[in-house]
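Chemist: sequence isn't available, so here's the structure alone:
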């Protein structure tokens, strides 16, 4: 007697509705709702952590849709076919004339498939699995894969950064011509920033890559991001820590962003990563690279990588808001935090009630630095008397360093020294373009839809 639940994962109202209508998970159906809309697809199982109100269908176009159970007026079963899932796997061909690239896995599902039988994401990670999923990789390089750990990117922390940096150094020393790091997109910018300080003088490219949309979706960016990143690691002339993701929302090309100047700027767009305060270093396409800047460290196999994998996590960011209370600062000092990055308003401002608390923190030996929450622009605290007062208290401005990059650098610096003068010297001395002398004239552009100048720009550039 079968023990398989025909309504796997469904509960509550959704389960009652499917049972009443006499259909099961994996039924091919035509489902009608109270608006007269008809959905044709396959009823998918649901994870037990999902709500009990929606029935989910995989449509013929590859997308999923959830229909509220209370709105379903009829279902006609047209077939039944349970999914059997297996990642295709082929031997990755070895070609001695191609570069050697190592892909380090951290838990991101850059090449994966969704197992609709269980509702779990199955990562494609071995060279054979990746070759089965993205066969174009075999024409680019000889690929080695190593899983360093498996965590969601929001769970990345001090111990992960240290292990990853050391693994990168080991692979470079072993002869890799480029490194690719599969990483979740949510905190990819943080990891790229800390690796820019932990792994210096790299002779080869170090490229972080992820995907905004899972590989089972027709609009997935996973395969193309992986192709672009592996090509960059194998052949690009830029030997720095970079992020490689979609450039435009279409799949025309990818962009290589410097690790210290890149930020995730949209929760779901495939072109979510943007260079802030500068321009991307290069475009990468199917036929090669277009270098947008020449101000980068070049690939040089004779250079010896320097791994300095240290981190002090007694640091935090205070994102200033009107009415912020001084007890927040006092609490951080009381809890033993050694560094505070303030994301201030305008040119680097906070309210006056915070001044005494900041002064107490500095006198207690806490290192307090100022960035700007505008992201674009510089902390220029000498312009107004309020900023000058903060300078007198002991806050140190970090020019146009991004708040998250400042947090990563301060954590790295404090693992080396607690001497105030040395901390501030290291913070204000650029390592990897985290501070720049100026912003490019063509860097700052926001597409405010419908404005005449924007429309003119689009007409001149859209192909």
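Modeler: Here it is on my side, so go on. Quantities reported herein were computed from a predicted structural model and do not represent experimental measurements. Numbering: from 1, shown residues only.
Chemist: can you map out the helices along the stretch 251-400 of the chain?
Modeler: Remark: helices assigned in the stretch 251-400 of the chain by DSSP state H, counting those that start in this stretch are 327-334, 355-363, 385-393.
Chemist: chain center to the shortest one: distance?
Modeler: Taking CA atoms, centre = their mean, to the nearest Å, one finds the center of helix 327-334 at 30 Å from the center of the full chain.
Chemist: relative orientation of it and helix 355-363 in degrees?
Modeler: On the basis of axes from the mean of the first three to the mean of the last three CA atoms, to 10 degrees, helix 327-334 is oriented at 10 degrees to helix 355-363.
Chemist: contacts for helix 327-334?
Modeler: 316, 318, 340, 354, 357, 358, 360, 361, 364, 366 (CB atoms under 8 Å, 6 or more residues apart in numbering). The C-beta positions use only the backbone N, C-alpha and C, and glycine is treated the same way.
Chemist: could I get these as JSON lines with neighbour count, distance to residue 235 and pLDDT?
Modeler: Output for these, formatted as JSON lines (neighbours: other CB atoms under 10 Å; distance: CB to CB, whole Å; pLDDT from 0 to 100):
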{"residue": "316", "neighbour count": "17", "distance to residue 235": "40", "pLDDT": "98"}
{"residue": "318", "neighbour count": "19", "distance to residue 235": "42", "pLDDT": "98"}
{"residue": "340", "neighbour count": "24", "distance to residue 235": "42", "pLDDT": "98"}
{"residue": "354", "neighbour count": "20", "distance to residue 235": "50", "pLDDT": "97"}
{"residue": "357", "neighbour count": "21", "distance to residue 235": "52", "pLDDT": "98"}
{"residue": "358", "neighbour count": "21", "distance to residue 235": "49", "pLDDT": "97"}
{"residue": "360", "neighbour count": "15", "distance to residue 235": "54", "pLDDT": "98"}
{"residue": "361", "neighbour count": "23", "distance to residue 235": "48", "pLDDT": "98"}
{"residue": "364", "neighbour count": "11", "distance to residue 235": "51", "pLDDT": "98"}
{"residue": "366", "neighbour count": "21", "distance to residue 235": "46", "pLDDT": "98"}
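Chemist: what's the closest of those to residue 386?
Modeler: Distance to residue 386 across these (CB to CB) is lowest for residue 354, with 11.0 Å.
Chemist: which of the helices of the stretch 251-400 of the chain is buried the deepest?
Modeler: helix 355-363 (a mean of 17; mean count of other CB atoms under 10 Å).
Chemist: what are the contacting residues of stretch 146-153?
Modeler: 102-108, 125, 160, 163-164, 167, 171, 183-188, 191, 210.
Chemist: what's the longest strand in this structure?
Modeler: Using DSSP state E to define each element, the chain has its longest strand at strand 72-80.
Chemist: does residue 58 touch residue 40 like I think?
Modeler: No - under the criterion of CB atoms under 8 Å, residue 58 makes no contact with residue 40, lying 10.3 Å away.
Chemist: and residue 58, its phi and psi?
Modeler: phi -90, psi 110 (degrees, to the nearest 10).
Chemist: burial count for it?
Modeler: 19 (other CB atoms under 10 Å).
Chemist: so who does it touch?
Modeler: For residue 58, the contacting residues are 41, 42, 44, 64, 116, by CB under 8 Å, 6+ apart.
Chemist: go on, residue 95?
Modeler: 138, 142.
Chemist: element containing it, please.
Modeler: When elements are assigned from DSSP states H and E, residue 95 belongs to no helix and no strand.
Chemist: pLDDT score assigned to it?
Modeler: Residue 95 carries a pLDDT value of 90.
Chemist: now swap in residue 273 and tell me
Modeler: 93.
Chemist: tell me the SS of the residue nearest to it when sequence neighbours are not counted?
Modeler: Among residues not flanking residue 273 along the chain, residue 245 sits closest, at 4.5 Å (CB to CB, 6 or more residues apart in numbering). Under DSSP: H, G, I helix; E, B strand; the rest coil, the three-state class of residue 245 is strand.
Chemist: if I look at residue 245, how far off is residue 426?
Modeler: 30 Å (CB to CB, to the nearest Å).
Chemist: more neighbours, the two?
Modeler: Higher neighbour count among residue 245 and residue 426: residue 245, with 28 against 18, using other CB under 10 Å.
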